[in-house]
Each structure stands twice: as structure tokens, then as C-alpha cells.
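J.: Based on what follows, work out the 3D shape:
(one chain, ligands or ions: 1)
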Amino acid sequence: MELKNKKIAIDDFMSERKDVLKTWVTGKDVTNFEDGVKYQSTISADKNFAKKLFEADRDGITLSQPRAGVALIEEHIELLKKLQVECDLLPTTIDAYTRLNRYEEAAVGIQKSVEAGTSKLNGLPVVNHGVAACRHITESLDKPLQIRHGTPDARLLCEISMASGFTSYEGGGISYNIPYAKRVTLEKSIRDWQYCDRVIGLYEENGIRINREPFGPLTGTLIPPFISHTVAIIEGLVALEQGVKSITVGYGQVGNLVQDIAAIRSLRELSHEYFRAYGFEDYELSTVFHQWMGGFPEDESRAAAVISWGAAVAGMSGATKVITKSPHEAFGIPTAEANCQGLRASNQMLNMMRDQKFPPCKDVDLEVELIKREVRAVMKKVLELGNGDIAVGTVRAFEAGVLDIPFAPAMCNSGKMLPIRDNNGAIRVFDAGAVPLPDDVLTMHQDFVAERARVEGREASFQMIIDDINAVSHSKLVGRP
Ligand SMILES: CCC[C@H]1O[C@@H](n2cnc3c(N)ncnc32)[C@H](O)[C@@H]1O
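T.: Numbers count the residues shown, from 1 in each chain. Next up is the predicted model:
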């Protein structure tokens with residue numbers, strides 16, 4: 001199948017759909033697409049994710065959402081009922097087997113969880129449970145629900161989730177491949193995600209608005225804003241082409257206040273710039289700020305400080321949504337209570353930030369302009385490589401190292417671009433690899449890094465990068481010697 005950024009014709013979609021639904025026995029539950037549309041139309045407006053985001057963005061409110069998922073339906077409902085008291089939007093995190101379409105192993109995980117009386121999976125295996133069981137989840141809860149995962153081939157999961165009443169779907173052909181898989185080609189993952197976006201486009205054509213959220217943080221390891229912005233914009237354009245109307249673009253907090261504020265502002269402005277340049281007008285855009293995605297301190301009070309800092313900056317940045325962490329982050333999947341603690345700390349901060357926004361600031365303006373120059377330079381090259389086709393250009397850009405995501409496992413990612421913190425903790429470029437930043441921008445990055453090296457009295461090196469990766473766990477931001 002030749003990849004192109006073109007809306008999938010309905011006949012081709014329906015033909016492919018027959019094969020997708022055969023990939024697991026529960027696919028038969030969604031044979032009739034209209035049944036899913038009918039069910040979605042019974043969901044009250046106050047439980048529609050897209051509507052909640054639209055209203056929050058209009059009103060300048062930052063909503064809170066945790067991550068959460070356990071193996072069994074009743075336990076998952078019990079968990080989400082505790083969380084919904086403390087958050088505005090609910091997740092359903094999918095288990096790792098399902099993310100790799102390994103449904104046989106997910107089935108074993110369900111069985112083991114039943115025998116053990118506790119979850120033996122790191123998320124809910126929605127495909128195995130099927131539509132009827134998952135509709136029980138969406139009917140049992142009072143807040144809008146989103147599927148969060150990390151699936152390169154998320155087609156069947158999408159069909160079952162949407163027919164089950166979830167009203168938002170996270171991921172994308174780049175953001176759920178490069179950080180999550182090793183041997184999946186971008187041609188395949190982008191094409192499979194065009195299918196997912198087409199599913200949501202078809203719900204849209206039937207009057208049901210489903211939100212789509214490219215996965216912003218990528219590897220969550222010192223990601224420069226321009227890298228994650230470029231991926232978010234590309235996935236947004238691909239989704240719009242398939243008929244998606246509600247898009248949330250995202251960003252993973254880096255920890256430097258000026259850069260984080262500038263990142264959210266530039267992400268919103270650049271998304272509008274590219275979406276409109278492509279001729280799209282009737283879409284709803286929102287932004288999501290992910291609290292620190294790197295290593296956390298083990299001490300729960302220190303972890304709570306990291307969480308609170310993330311919530312404060314999310315509120316100051318004017319992000320539409322913040323994804324929260326818990327004081328158990330350094331150890332693994334949080335208990336319900338720990339997840340609720342992260343939400344309460346975050347909500348305290350959001351409430352205290354609600355009446356104020358970050359004041360006009362020259363440094364933020366400069367960082368916004370820098371990020372815009374970087375994104376525009378990379379996007380220009382991606383479009384050149386694709387002869388104007390963003391999907392084809394993306395594949396070729398990764399082949400050429402023009403798009404390069406730090407510390408990613410994917411074999412199709414060149415992994416030559418190296419980030420590093422500057423003396424104020426902002427993320428800069430230590431080695432650009434083949435990423436086509438303008439010479440004067442590259443010089444700026446080199447100067448930022450040289451300043452830190454001088455202050456620390458050591459050469460800028462890979463050791464400095466390692467120190468940065470470990471810094472927050474050791475209660476610092478910059479990995480000082
Ligand atoms: C890319 C997402 C990483 C974050 O996603 C959290 N995460 C993963 N799976 C679950 C789960 N089943 N329940 C609650 N949080 C979960 C991790 O803690 C980490 O912060």
C-alpha cells in the first residue's frame with residue numbers, strides 16, 4: 001500500500017475494516033459500525049471528552065487527568081470511581097500486551113489477575129474484554145473517558161474503544177511507534193493510524209465528535225520542544241486529513257519555567273499556523289502539558305514537589321489539560337490513593353493559579369521565536385523530502401535523520417541528535433545530528449552549552465547529558481558535577 005496523506009476512501013476503509021475485525025474474536029462485536037454510532041449518541045454531552053476540552057479551552061481553564069488502568073473490568077471501574085472524585089477527565093491506560101497486539105498473552109494476564117485477586121497487567125486489555133464489558137465502564141462513570149496506550153497498530157483497539165463509548169483516543173503513527181517499538185516501520189504505523197483517524201472521522205460524519213491526542217512527550221527524556229512540536233503538528237495534520245475535528249497537541253514538561261511556558265504558547269500558535277496553511281479551519285484545538293516524564297525522586301514529599309511544580313507551570317502556561325503523576329512514580333504503577341494524592345496536589349496548584357497567568361516576559365518571547373524558527377526549519381525539510389506530502393516526508397525525514405527523537409528504541413530512528421540542559425536548565429542541542437537547524441540557531445545552542453560548561457568548569461560531554469537524565473531523581477534540575 002503506497003503511503004500518502006489522503007483521506008481513506010470509504011470503500012477502501014470498509015474493505016480493510018473486515019480484516020481488522022478478524023484479528024481477534026471480539027472484533028465481531030463491532031461488525032456493524034452504526035451500532036457504535038448509535039451507542040455513542042446515547043452518551044450525555046457532559047461525558048464527551050471533546051466538548052469538555054473545547055469549553056475548558058474557551059474558558060481558559062486547565063483540566064486535570066491522571067493515567068490509570070488495571071486488568072479486570074470491575075476493579076478498573078472501582079479505581080476510576082475513586083479517581084473521578086479528584087479529576088476532570090478520566091483515563092483508561094491499556095496494558096503492554098495489547099499495545100503489541102499480543103492478545104493471547106493479555107488473556108493469560110486476565111486469568112492470572114482473576115486467580116490472584118489483583119491486577120497482573122499494567123493496564124486494561126480492552127480488546128480481550130470486548131464491547132459489552134467496556135460499555136459497562138463508560139456507563140458506570142460520570143466523567144469523560146480517554147484511551148491512553150502506546151500501540152503502533154491500534155486499529156482494532158480503536159474500533160472496540162469507540163464502540164464502547166470512550167470519547168478520546170491518544171496516540172499517532174510517529175508518537176506511538178518511535179518511543180514504543182523497535183521494528184515497526186513508519187510506513188506501517190502511519191498508515192495504521194490513518195485508519196484510526198478515519199474511524200474517528202467516520203464517527204464525526206455521523207455526528208459524534210471524538211477527541212484525538214497525539215502523544216506529546218515521546219521518550220520523555222530531555223526532548224527539545226521543537227522536536228515534540230513537529231511530531232504533534234504532523235500527527236495533527238494527518239488526523240485532520242482523515243476528518244478528525246478535535247485535536248489536543250501535547251508537550252512534556254522539561255522543568256525550566258521560561259521554556260515550558262514558551263513551549264505551550266508556541267505549540268498552540270504553530271499548530272494553528274500549519275493547520276490553517278493546510279486549509280483546515282473548522283477544528284477545535286487544545287493543548288496538554290504532561291508533568292515531568294523523566295526519573296522521579298523516591299522520597300514522596302520530593303515527588304509531590306515535582307508534581308506540584310508541573311501543575312503550577314501547566315496552569316501558568318494556559319494549557320487546556322495537565323496529565324498528572326503520583327508520589328509512587330519512582331516505583332511503578334501507583335495505588336489509587338497515591339494517584340489521588342497527585343491529583344489533589346495538582347488541583348490545589350491549578351486552583352491557586354486560576355486567577356493569574358504568567359506575565360508578559362521578554363525571555364519567553366525570545367524562546368517562542370526560537371522554537372518557531374526550529375520547527376519551521378524542520379517542517380520545511382520534511383515537506384521537501386515528501387514533495388509536499390507530509391506522511392511521505394515524515395518517513396524520509398526519519399530515514400535521513402532530519403527528524404530524530406532522542407533516546408528512542410525504534411530502529412528507523414537515527415538517534416544521532418543529542419539534547420542537553422543549559423545553565424538555566426532549558427533543553428538545548430548538544431549534537432544536532434542531521435536535524436536541519438539554521439546555522440545561527442545552532443550557534444545559539446552551542447553558546448548556551450558553552451556557558452554552562454564554563455560555569456561548571458568542565459567540557460560539555462555525554463557525561464553531562466547523563467547527569468541531566470539523573471538530575472531530577474536526585475532533586476536537582478541541571479545535572480551539576
Ligand atoms: C508514557 C506514560 C508513562 C507514565 O504512565 C504511567 N502509567 C503507565 N501505566 C499506568 C497504569 N496502569 N496506571 C497508572 N499509571 C500508569 C507511569 O507511571 C508513567 O508515569
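J.: Can you give me the distance of G425 to the ligand?
T.: Remark: distance between G425 and the ligand (CB to the nearest ligand atom, to the nearest Å) = 21 Å. (Glycine included, C-beta is placed from N, CA and C.)
J.: before we move on, what about S175?
T.: Separation of S175 from the ligand (CB to the nearest ligand atom): 10 Å.
J.: If we ignore the residues flanking it in sequence, what's nearest that residue?
T.: Distances taken as CB to CB, 6 or more residues apart in numbering put F215 closest to S175, at 3.7 Å, once the chain neighbours are dropped.
J.: List the contacts of the one you found.
T.: For F215, the contacting residues are G150, E170, G171, G172, S175, Y176, P179, G250, by CB atoms under 8 Å, 6 or more residues apart in numbering.
J.: close enough to count as contact, the fifth one and P214?
T.: Yes - under the contact definition of CB atoms under 8 Å, S175 touches P214, with a separation of 5.2 Å.
J.: quick one: common contacting residues for these two?
T.: V231, A232, E235.
J.: For the last one, give its distance to A330.
T.: To A330, E235 is 30 Å away according to CB to CB, to the nearest Å.
J.: Then the second one?
T.: Applying CB to CB, one obtains 27 Å for the distance of A232 from A330.
J.: what about the two, which has more around it?
T.: A direct count of neighbours by other CB atoms under 10 Å for A232 and A330 places A232 higher, at 30 against 17.
J.: right, and A460 touches E451 too?
T.: No - using CB under 8 Å, A460 makes no contact with E451, being 9.9 Å away.
J.: So if I had to pick from these two, which one is more boxed in?
T.: Taking neighbours as other CB under 10 Å, A460 and E451 compare with A460 leading, 21 against 15.
J.: so the more buried one, which of the three states?
T.: Three-state assignment for A460 (DSSP: H, G, I helix; E, B strand; the rest coil): coil.
J.: again, but for N101
T.: Recorded secondary structure, N101: coil (three-state DSSP).
J.: about what we covered before: give the residues shared as contacts by A460 and E451.
T.: Common contact partners of A460 and E451 (CB under 8 Å, 6+ apart): none.
J.: hang on, the earlier thing: what's the closest of the contacts of F215 to the ligand?
T.: The closest of those to the ligand turns out to be G150 (CB to the nearest ligand atom; 6.6 Å).
J.: In the helix with the most length in the chain, which residues are buried?
T.: In the chain, assigned by DSSP state H, the helix with the most residues is helix 362-385. For helix 362-385, the neighbour count (16 or more other CB atoms under 10 Å) marks 364, 367-368, 370-379, 381-383, 385 as buried.
J.: on that earlier part again, can you list which of the contacts of F215 are found in strands?
T.: Counted as lying in strands by DSSP state E, out of the contacts of F215, are E170, G250.
J.: how about the contacts of F215 in a markdown table, adding neighbour count, distance to P409 and pLDDT?
T.: Listed next are the contacts of F215 as a markdown table, based on neighbours: other CB atoms under 10 Å; distance: CB to CB, whole Å; pLDDT from 0 to 100:
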| residue | neighbour count | distance to P409 | pLDDT |
| --- | --- | --- | --- |
| G150 | 21 | 11 | 98 |
| E170 | 27 | 19 | 98 |
| G171 | 28 | 16 | 98 |
| G172 | 27 | 17 | 98 |
| S175 | 26 | 13 | 98 |
| Y176 | 26 | 12 | 98 |
| P179 | 22 | 7 | 98 |
| G250 | 28 | 20 | 98 |
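J.: Let's test this: mean pLDDT of stretch 232-243, rounded?
T.: Stretch 232-243 shows an average pLDDT of 98 in the prediction.
J.: picking that back up, can you flag which of the shared contacts of S175 and P214 belong to helices?
T.: V231, A232, E235.
J.: which residues touch the second one?
T.: It stands for A232. A232 sits next to S175, P214, G216, V249, G250, Y251, L267, S271 when contact means CB under 8 Å, 6+ apart.
J.: cool, and the first one?
T.: Under the criterion of CB under 8 Å, 6+ apart, the neighbours of V231 are G172, I174, S175, P214, L218, L403, I405.
J.: now for the residues you listed, which pair is the farthest apart?
T.: P214 and L403 (13.9 Å; CB to CB).
J.: out of those two, which sits in the more crowded spot?
T.: L403 (30 against 27).
J.: And that one, how far from D439?
T.: In terms of CB to CB, L403 sits 19 Å off from D439.
J.: Check R135 too.
T.: To D439, R135 is 56 Å away according to CB to CB.
J.: ok, D447 - how many residues close by?
T.: Neighbours around D447, by other CB under 10 Å: 11.
J.: From the ligand, how far out is it?
T.: In terms of CB to the nearest ligand atom, D447 sits 33 Å off from the ligand.
J.: now whichever strand or helix holds that residue, how far from the centre of its chain.
T.: For D447, the element it lies in under DSSP states H and E is helix 439-456. Centroid separation between helix 439-456 and its chain, computed with CA atoms, centre = their mean, to the nearest Å, is 30 Å.
J.: and if you look at stretch 390-408?
T.: For stretch 390-408, the distance to the chain centre is 18 Å (CA atoms, centre = their mean).
J.: Output the set of residues of this protein in proximity to the ligand.
T.: With CB under 6 Å from any ligand atom as the criterion, the chain comes near the ligand at residues R67, A68, G69, T93, N122, G123, K325, E329, I333, P334.
J.: Hmm, L90 and the first one touching each other?
T.: Just to be clear, that refers to R67. No - using CB under 8 Å, R67 is not in contact with L90, being 10.2 Å away.
J.: quick one, which of those two is more surrounded?
T.: Ranked by neighbour count (other CB under 10 Å), R67 and L90 place L90 first, with 25 against 21.
J.: Any idea how far apart the tips of stretch 466-477 sit?
T.: One end of stretch 466-477 sits 12 Å from the other (CA to CA, to the nearest Å).
J.: Show me the protein divided up by domain.
T.: 10-354, 418-480 (the TED database).
J.: Any chance of CSV for these, columns distance to C412?
T.: As requested, these are exported to CSV (distance: least, CB to CB, whole Å):
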stretch, distance to C412
domain 10-354, 6
domain 418-480, 14
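J.: most tightly surrounded among these?
T.: Mean neighbour count (mean count of other CB atoms under 10 Å) peaks for domain 10-354 among these, with a mean of 21.
J.: where's it relative to the chain centroid, distance-wise?
T.: Counting by CA atoms, centre = their mean, domain 10-354 is centred 7 Å from the centre of its parent chain.
J.: What of stretch 9-17?
T.: Relative to its parent chain, stretch 9-17 has a centroid offset of 27 Å by CA atoms, centre = their mean.
J.: ok, residues contacting it?
T.: Against stretch 9-17 from outside (CB under 8 Å, 6+ apart): I8, F33, E159, Y195, R198, L202.
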